[in-house]
Structure formats: C-alpha cells, structure tokens
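S.K.: Got a sequence here, can you model it:
(2 chains)
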Amino acid sequence: MAPRDTGEDKPDTPLAVEKGFATLPEIRVGVKAFVEKDGEKRKAEILSLQTRRGQPRFYVHYEEFNKRLDEWIPAERLDLSREVEWPVPEKADKKKAHGVQATKAPLKDKNPKRSLKQRLEREISGTPEFASANAQRLQQPSTAGGKENRETVTVTTEVVNGTPKPDDEEMDVDDVAAAAAKAKAAPPENYSVEEEREKLRVGGSMTQNQAEISRVRNLDKVQMGKFEIEPWYFSPYPQEFQDVDMMFICDFCLSYFGDVKQFERHRSKCTLLHPPGNEIYRDDYLSFFEIDGRRQRTWCRNLCLLSKLFLDHKTLYYDVDPFLFYCMCTRDASGCHLVGYFSKEKESADGYNVACILTLPQYQRKGFGKLLIAFSYELSKREGKLGSPEKPLSDLGLLGYRAYWQEVIVDMLMEEGRTEANIEELGSIAAMTTNDVLHTLQNLNMVKISVNHPTGSGLGNSLLSSNAREQKNQHVIVLTDAVIAQREKQKEKDKKVGKHVIDPDKLIWKPPVFTASSRTWNW
Amino acid sequence: MTTRQAGQRFRQRKLSTRQNLQIVRENEIEASNLDDESQRNIPLVKTGVEEGEESEHHLQAVISAAQAGAKASQLYIPTPETNVSLGVQYERLYPHRFQQPATYIRFSSTVEDCIGCPYCMTEADEEFLKKLNSKQRKGPQCTEDEFEQVMNFFEQTSASKQPFASVDNTPLLSFEELAAAFDEDEIEASAQQFAKDIYPYWKTCRTTARHHPLMPTLKFERNVDTDDSDPYVCFRRREVRQVRKTRGRDAQIAEKLRKLRRELEDARNLMHHVKNREFARREQLSLEKKIFEQRASVKEAKRHLGIKGDDEDLINQKPIPRARPPKLDPAIIQRGAMGPGMVPKAPLTIRADGRPPDSDLVQLVDERNRKNADIQNIIQDSMAKHRNWNNDWVDDTWRPITPPMDNESRRGNSFRAAFTESLPTPPPSFSEGEDTNMIDGARTPIPEEEKSALKLPIRYADSAMDAGHGAQGAFRRRTGRSGRMWIDRRGLKRKSPSARDERERERCHYDIESDEEADVYYTDPYDDWNIKYRIAIQASPNRGTHEQQVHAQQRMLEEQQRKLQQVSAMAGANNARAAIPVVTC
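M.R.: The predicted structure is shown next:
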C-alpha cells in the first residue's frame, strides 16, 4: 500500500470549494459549517435537517471525529459568522468522494473500459429519483433546492456527498498516468459492486460506504437491562422505531420494543435466562456461550442488530448462518447477562479468528475487551491455528488489540531466561499471525539493528559465543524502557484491582465441524 | 526491500521471521549501538483500520501518546454516554430466578420457544382491554394473556392468508373468515370467546398501520430493485452454490423429501400416542386417588358402624393376570387388565418408547436355554433311573441290563405296537412295569457302519426317517425250545428294494440336519446278513446266550455313556437344532 500522509490537516483543496456566508434557511445537506463542540469550533458537515416543535435541528458530522460523535444540534450551535463551504456540485462530486471512493471515482472517468460495467451497474440499480436528484443538483449548484431532493433521495448506489477530503488534492484529474499508478499501488481500493458484495458475503465486516440514510443515527436511546445507552451508529431496526424516544431491549433474548407496556409484557413471558446455546467456559467471574447462527437465527439477528448500533463497519447485508457467536456473560441471580461477544466464521478463507467483536458500551473500559480477545486466541490455540481479527478494525478495536498484543508479546519476551526469540515462534505460542507480531514489535519500536559489535556494552556473552561476525548489524529485539515501565505499571494495577484471566483448563470445547452438505446447502 | 543507501556502511539484511533474534533491554546497551534507521527496512504493516478513519483526531491522539511512551491510560477515545437508567424497576423486570447448574449449561431452545405469545400488548391495547372488561362486568373478564392470544391469532392468520396485504391493499379478513380458522393449538377456547369483541379493535389498528403487521418487523429482501441499497433491508439469504440439475438428483431430492415427510409424520404420530398415553396415565392417577379416598371413607364408615371383616376390599388384591394380547399399547393393557387402583405388576414397567416390555417377547435365547435345560433334565432323569434300577441287583455281572427273561413269558405273548420314543439313554422300557420292552420293541435296523463297532443305534429325530419305518408295525417274540427264538411281525410295511436304491438315498441325504450322524444307512432287517446276525446272537447255548447278551449290553452301556456325553456336549454346541435323540431298539 502506498504510504499516505494521514493526519495532516490540509487547509483546502485545489478544486476551489465554493465558500460564502450563509443564513440559516440556506443551510442544507452537504454544507460544511463551523459548529460549537465542547467549547471549541469545529468544522462539521450537515448530514440531515429536521424541524422539531418548530425548531430546526441539524445532524452534523465533525470532521476528523469518529461518526459515533455525530449528533443533532440546534441552530444556535451553528456558527454562521464564519464562512461555510457549499457542497461541491455533482460534476465535481464524481471525482471527489469520501474515503474509499476518493480513488475510485477518477479511475472511472479515465478508464472507460473498466468503468463501463460499473456504469451499467449503476444504471440498472439506480433509482429514477437518484437520476433526477443528480440532474437537479447539477442545475442548482449552490443555494436552495437541496433539501427537497434530500428527502426524496432515500436510496443511492453511489454515495453522493460533497465531502472533499483534504487528501483529495493529490488527485490530478487529468493525469492518467498518475491515476494508473495509484490504481496499481492501491488495488484494494478499487471496488466493484461485485467485489464489494463478495466481501460482504464472506466476511462480517464491510468497508463500503452505506447509503446516505444510514449515515444518520436512527435511534435516540436504548434501554437494556438497567442501562440507558446512546447508540453510536445506524442499525436497521424496524423503521417504526425511528420515532420512539426509547427502544427497550430484553437483556436475555435481545428482542426490541418501542413501548414500555409491550416490553413489560414481554418480560413477564420471556423465560430465557442466558444466551441460547452451550456454555463452553465458566469461571467464577464469567461464562462464555457458543451460539450457532443457523440454529439460533432470531437470537443472533437480534444480537447483530444490537451490535450494529456500536460497530460502524459491521454488515448486516447477509444472514447470520455462517457465523458462530461467542458470547461473554456475567452471572447474577437474575441470569447470565451479555457483556460482549465476538462472531467467528465457521470456516474462514482468510484465517480470521474473529469477524466482529464488541463489548457492550455499558461494560466498556472495565477490561472485558481484553478477555474477549484473549478468549478468541484461546479458541485458536485449541484449534491449532494462527488467528487474526477481520479487517477493518475500528479505532477502539485497534487500540484493544494493540494493548492485548503488546501485553502478550512483552510478557513472552520478559520471561526468565529467555535471551532469544523469533517472530514465528512467538506467533505460534500466542496463536497470533506473524504479521500481527511484527506489527506489534514495529509499533513499539522494538526491532532494531545493532550497529557495533556489542562487546562490553552490557550484552550477554551468548551473543559473542555464537558466530560473532554474524552478530554485526544484526536485527535485535529491544525491550525499551517505556515498554517495560508500562508493563510493570500494568502488573501493579492488576495486583491491586485483581486480574481476570482466561483459564484454558476451564474451556470445555472442541472446534465444531461442519459437514460438506451443511456448507453446500446452508443447513 | 533491501536497499543500499549512500553513507551506509553495510547492507542491511531483510528481517527474517524465522531467525532467532537477540532480546536486549534498552537500559543494558548503549543507544549508539542501535541503528534507529533500521525501521525503514522492515516492511510496514498495516494497522487494519479503515484509511479514512486512521486519521481521526482521537485515535491519533491516543496512538501518538502511546508511542511517545506517555501515560497513555489517561487518554481514551470518547464515546456517547451510557447511564444507569433511573426509572427502571429492574428487580421487577428481571426477577431472581436463575439457578446455576453444577455443570456447564447446554441449551438448544430458540428465542421463539422461550418468549411465549409473540404478540405483546401496547399501552393503547391496555386501555382498550380495560374498557372491554368494564363493559361486560357480569361476564368473564378477558385477561391480558387471552387478549394477546387473540391478537396474535389475528395477526398470524392474516399474515398467512394475506401475505401481501401491505402491498396490494386487500381488504382485511372478515371475522367470519378468521373464526373459521380457529384452532385449539393456536388459541385456547377461553380466549376464543373474546375474539369477536376484539376483532373491531384489531381491524382499526391494522387499518391505521396501513395493513402492516402490528408488531414491528425487520425488513427482509422482497426481490425488488430497491432492496439492494435499502439500508433497512438486512439478513439477506446467501446464494447457495448452484448444483447441476439432473434427473437423478431430482429423483434423489424427491425421495429425500418424501422420506423427510414420512419421518415427520411418524414423529407426529409418536407424539400423538405419547400424548394419549399421558392423558390415560393422568386419568389412572386420578382414579386411583378416587379409589383411595373412597376406601378411606369406607373404612371410616365401617369403623363408625362397627362392621368387621371384609378388609380385603381396602387393599389392592393381587393383580388379575393379564389377559390381553400384547399387541395393544401396553399402557392401556396394563390398566385395562388390572383395573384402576391396582398396583402395577413389577415386570410390566413400560418402556420409555412405548413398546411392550421385554418380558413379553419370546426371545430365541430363552427358548434355547429352556430346551437345553429340558434335555439335561431328561438325561439326568434317565441316569437316576438307571442307578435306581440297579439298586436291588446283586451284581455278579457288573451292571446287568437285561431283565429276567421269564417275565416275558408270564405276560402272555401278545403283539406289542412298535413305537419309538425320544430318549437318549437306554430305553425307558426299563421303567417299572415295562421291563420287557427292550426285547419286545420295534427294531431299527442297525446302521452298517455301527454294526461292527456295536454302537447303540442312536440317531437324531428325523421325520423323513420315521415315516419310512412305518411306526405302526407290531412285533412279538417267542422263545421256543432250546432257546430258539421266534419273532412274529405284523403290519410291517416292507419297501421294495428298488425304492431304496442309491438314487433315492442320495435324495434324502441332505435332509438330515445332523452333520455328525450324517450317514444313516438303511438296511433291510430281512436281509440275510441281519437275520444271520440275529440268529448268531441267540444261537449260542442258553447260558452262553445270556452271558453274551449281558456282555453285549454292558458294552452297549459303556458305549452309550460315552455317547451321552457326546450328545450333551453337542446339544450344548448346536442348540439351534432341535436335538432330541431317538433311541429305538
């Protein structure tokens, strides 16, 4: 993959973005304005408008913030004293796009052969509204008219949005060669509809941009157990729930209700006290249940809907059949309460041992995530396979995995009497892929080259004894002070708080085997 | 990725993942010994985060803080709020009823199995129900459960009868149409009575909801173009791998379906029977209880009135023997034969699968054992008889077998029917009062093979052979002067020698089941050889004849005892065969 300069804030794009002062009625979807957020002004894109009790509301996405922080704001928080950016007209829009599409759009324009199919694809699946909306936009590049269109455009194959990312400036529209090179350098970014669907089919995650409507969170609040949770992302719960103030979720069967009475009636009838599967792990702190997506379709669908509220890249495009769900629960007198889960493909072509992984928000930042990850690797050890989570990871996922990997690897390296290690061996002990081990070491800046012969500089004698010449400019693994300090600190904390670990002896589990017919027929 | 760069003193090696790398601690070596530049020669590994998000502010903040070695723990990615909700009556909604089993939980019921009636009433429903119940104060009140049952029934029935109601706007089913579909399994009788009152309410609800189901449902694919990009459409079916369509496969699939159908039907029947059985059982229990109570009151009354005796009525009498053929449902037989209130016989325990208990089946093993035991008994009996019979004899001939000859003359020489009897031992003719049988009995021709060895002519029962010998023949022996012996015969069917030629013998060769005694030879008792032999036995002088006979019989006995062991051993081994030896003398 070509290195990208990420994180650099580039002030503007060469394709001049139309800027200007706006009045409140002129604000429409796609406009970028400065919005007050936690005491500072941030640039934010308007994703949706609404009028509630006579007051307009705006759904905004803050630039460089995760989508989970998107929110409805009242008009007062819009800072109209500064210029706003108007959405880029449709024509330019094709070359500009958000994220993934940034490289895709230009390719289309330059590579007619390649894009023909895609265009056909669009023409077939695109709706008339879509076309007309485009047309209208083209004719009305700046003010007014956007809102009406917005309301009719419910479905679009291509996301049409006016969010030129800062790095889009790299795209020189006329430079064919550059684009071709880029295409070569970044093959995974060229999605076709088929490729994307195939990805959805085989995996549990998605990288595609969903349709516009799903960019706006559809639920306000969710009550589950004794917690009230603010959803993070869109989830395709029945459309009727869009309007309810609070959605109620049963803690055990994960069924959803929009009405208190309904929910209470359900609770009086529901007899489920734990996830509907086999318990495969139990210690005095936790239980794990294994649930087959095919056998417990309703429950697993409910679980997926729930987790989609908190996982941006989860896909619910296809059914849950080819997945197993490993659910972590805490027990009390009322039952086994779901804390988190991870799903796993019954058969992963790419060797992933986790498809989606989530600790429910009400249990986050309590160390459950690490236990979930540890458990997923424990299963891989039992299977005798190296595992890695399915990509893309979310930001929280990346941090969680990095913390786990770091802990495991540093622990192994700090073992008494260990003077040497090789990356594959480390991986096989921890059931981690070589790449993940390498990634961790690299990320912690632990792989270095010893330049000089390290005599007398405190290195062990063993180094000298074995072919000393070879040792020169050799790769070494350096346990940096920072890493050691961090580990010691963590250990101290664990001592204080009490550390929970997964005990492999308490895992009563054999890797499930699925017959050829069950795979062929989806039985 | 190995590059040579200006100013570098050596060519960097590629990092090998298989090679053992030295582990060093930073504080143990001088920093100058490490080439910080080395990092660039290690292939960069992707973070795995979506590119567009990698640059997000909070993530970058945490990552850079971690890399700087700062106390990263203070930094975290902000997420929307989660609070303990205040208004929830958690304890009431989630009562304490979970009991953890000692073993790991194994569970396979689905959500649908566990949530009872899928329709849950809303606040609006509750209001309606209150109104409904207040209207009919006198009559029975509709409970929430019954209300939900009725609503659920309306929903389910209309969903199955008008699956596309929401699309084509068909008029709602009338109450009569719905009522026609009433089914005991779906809706209890107690709930059915309210259906008519609830129907108008349901109809308004359905109309307001524009014919959509009242309980919100997920949006599934409907094979419309817009399905594909509608974010609310979820859980699409996966395309299954297409298999080549052939006639053979079609037939196979049809067969599979038929089989499945059959098996389901069987399972259904089984369940039906089980249900009936359980009902019967319940009835039995209630009857038993009733009997017990009646008896208690009888006892009370008796005591009260001072009646004594007849106490047998108060306890269960021994069960009436079962009279029913064991074909019917054993549960019913059991009760039918014994009447209510009887304590079931112990061996009649019903098997879980409802089949008759094992004891009712005639088992091959039991049958064989019984036969073997019979044979053993006969053998034992005969041996005992032998010993008995020898008891009063002074043995100067060592186990004399022949009874005194004169007995026979006393009895008058009437003809005796020749008969055969199934006995493995020397003939029971020696039993009391039939002492002469041995001499007087029908004679089987001695098989040629055994003649020389003077074996006892034991052979296994064989109907073909018996028939050939005309069992109804009769014989008489007379002793003349100077020990001459006469044998008179009557009713003996003599077969023409031609009928028993080689060919015919061959034909019944394999009719004989025994493999040991396979060669039974037909001999003509009127053959010269046989007659000569018989004469030779008797021809010697009186004393000699006697002695010779005794001697011969002694040998026969020995032989026979050996044979007995053989037979019993064989009977043990080949007990599948009806091995009852026939002795004919």
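S.K.: which residues of the stretch 1-150 of chain A score low on pLDDT?
M.R.: Scanning the stretch 1-150 of chain A with the threshold set as pLDDT under 70 gives A:1-16, A:90-150.
S.K.: give the contact list for residue A:230.
M.R.: Neighbouring residues of residue A:230 by Cβ atoms under 8 Å, 6 or more residues apart in numbering or on different chains: A:220-222, B:80-82. The C-beta positions use only the backbone N, C-alpha and C, and glycine is treated the same way.
S.K.: Please pick the buried ones from these.
M.R.: Those of these that meet the buried threshold are A:221-222, B:80, B:82, by 16 or more other Cβ atoms under 10 Å in any protein chain shown.
S.K.: Based on its surroundings, how many neighbours for residue B:22?
M.R.: Neighbour count for residue B:22, taken as other Cβ atoms under 10 Å in any protein chain shown: 20.
S.K.: what helices or strands is the lengthiest helix in chain B leaning on?
M.R.: Secondary structure assigned by DSSP state H gives helix B:247-305 as the longest helix of chain B. Other helices and strands packing on helix B:247-305, by 3 or more Cβ pairs under 8 Å, 6 or more residues apart in numbering or on different chains; DSSP states H and E, are helix B:330-338.
S.K.: Tell me which helix or strand comes right after the helix it packs on.
M.R.: As assigned by DSSP states H and E, the chain's next helix or strand after helix B:330-338 is helix B:364-391.
S.K.: buried sites along that next one?
M.R.: By neighbour count on 16+ other Cβ under 10 Å, the buried set for helix B:364-391 is B:371, B:375, B:378-379, B:382, B:385-386, B:389.
S.K.: next one: stretch B:273-283
M.R.: Going by neighbour count (16+ other Cβ under 10 Å), the buried part of stretch B:273-283 is B:277, B:280.
S.K.: likewise stretch B:134-153?
M.R.: Using 16+ other Cβ under 10 Å as the test for burial, stretch B:134-153 gives B:142, B:144-153.
S.K.: Within reach of chain A, which of those residues are there?
M.R.: B:144, B:148 (Cβ under 8 Å from any Cβ of the partner chain).
S.K.: so which pair among the buried residues of stretch B:134-153 is furthest apart in space?
M.R.: Farthest pair in the buried residues of stretch B:134-153 (Cβ to Cβ) is B:144 and B:153. Separation: 14.9 Å.
S.K.: Give me the packing partners of the helix or strand containing residue A:41, helices and strands only.
M.R.: Per DSSP H and E, residue A:41 falls inside strand A:40-52. Under the contact definition 3+ Cβ pairs under 8 Å, 6+ apart, strand A:40-52 sits against strand A:32-37, strand A:55-62, helix A:146-152.
S.K.: May I have the longest one as PDB, with CA atoms only?
M.R.: The C-alpha coordinates for strand A:55-62 follow below in PDB (Å, rounded to 0.1, in the frame of the first residue of the first chain):
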ATOM      1  CA  GLN A  55     -37.200  24.400  15.800                       C
ATOM      2  CA  PRO A  56     -34.800  23.300  13.100                       C
ATOM      3  CA  ARG A  57     -32.300  20.700  14.100                       C
ATOM      4  CA  PHE A  58     -29.200  19.700  12.200                       C
ATOM      5  CA  TYR A  59     -27.500  16.400  12.200                       C
ATOM      6  CA  VAL A  60     -23.800  17.100  11.900                       C
ATOM      7  CA  HIS A  61     -20.600  15.100  11.400                       C
ATOM      8  CA  TYR A  62     -17.500  16.700  12.800                       C
END
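S.K.: so, in contact with chain B or not, that strand?
M.R.: No: using Cβ under 8 Å from any Cβ, we find that strand A:55-62 stays clear of chain B, coming within 8.6 Å at best.
S.K.: How many neighbouring residues does residue A:415 have?
M.R.: Residue A:415: 9 neighbours (other Cβ under 10 Å).
S.K.: Likewise for the one 3 residues further on?
M.R.: When counting by other Cβ under 10 Å, one arrives at 10 neighbours for residue A:418.
S.K.: How about residue A:45?
M.R.: 24.
S.K.: What distance do you get for it to residue A:60?
M.R.: Separation of residue A:45 from residue A:60 (Cβ to Cβ, to the nearest Å): 7 Å.
S.K.: what's the overlap in contacts for those two?
M.R.: By Cβ under 8 Å, 6+ apart, residue A:45 and residue A:60 have no common neighbours.
S.K.: Let's see which of the buried ones among the contacts of residue A:230 end up in strands.
M.R.: Per DSSP state E, strands hold the following members of the buried ones among the contacts of residue A:230: A:222, B:82.
S.K.: Just send the buried ones among the contacts of residue A:230 back as CSV, with pLDDT and distance to residue B:124 too.
M.R.: Shown next, in CSV, are these (pLDDT from 0 to 100; distance: Cβ to Cβ, whole Å):
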residue, pLDDT, distance to residue B:124
A:221, 92, 21
A:222, 93, 22
B:80, 89, 31
B:82, 88, 30
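S.K.: What is the nearest of the buried ones among the contacts of residue A:230 to residue B:293?
M.R.: residue A:222 (57.2 Å).
S.K.: what's the weakest-modelled helix or strand in chain A?
M.R.: Lowest on mean pLDDT, DSSP states H and E among the helices and strands of chain A sits helix A:146-152, with a mean of 33.
S.K.: For stretch A:33-52, buried residues please.
M.R.: Buried-residue list, stretch A:33-52, by 16+ other Cβ under 10 Å: A:33-35, A:37, A:42-49.
S.K.: Among those, which one sits closest to residue A:366?
M.R.: Nearest to residue A:366, judged by Cβ to Cβ, of the buried residues of stretch A:33-52 is residue A:37 at 27.2 Å.
S.K.: Relative to residue B:117, how far out is the nearest residue to that closest one once chain neighbours are set aside?
M.R.: Spatial nearest neighbour of residue A:37, excluding adjacent residues (Cβ to Cβ, 6 or more residues apart in numbering or on different chains): residue A:62 at 6.0 Å. Distance of residue A:62 to residue B:117, computed by Cβ to Cβ: 46 Å.
S.K.: Low-confidence stretches in the stretch 351-500 of chain A?
M.R.: By pLDDT under 70, the weakly predicted segments of the stretch 351-500 of chain A are A:452-472.
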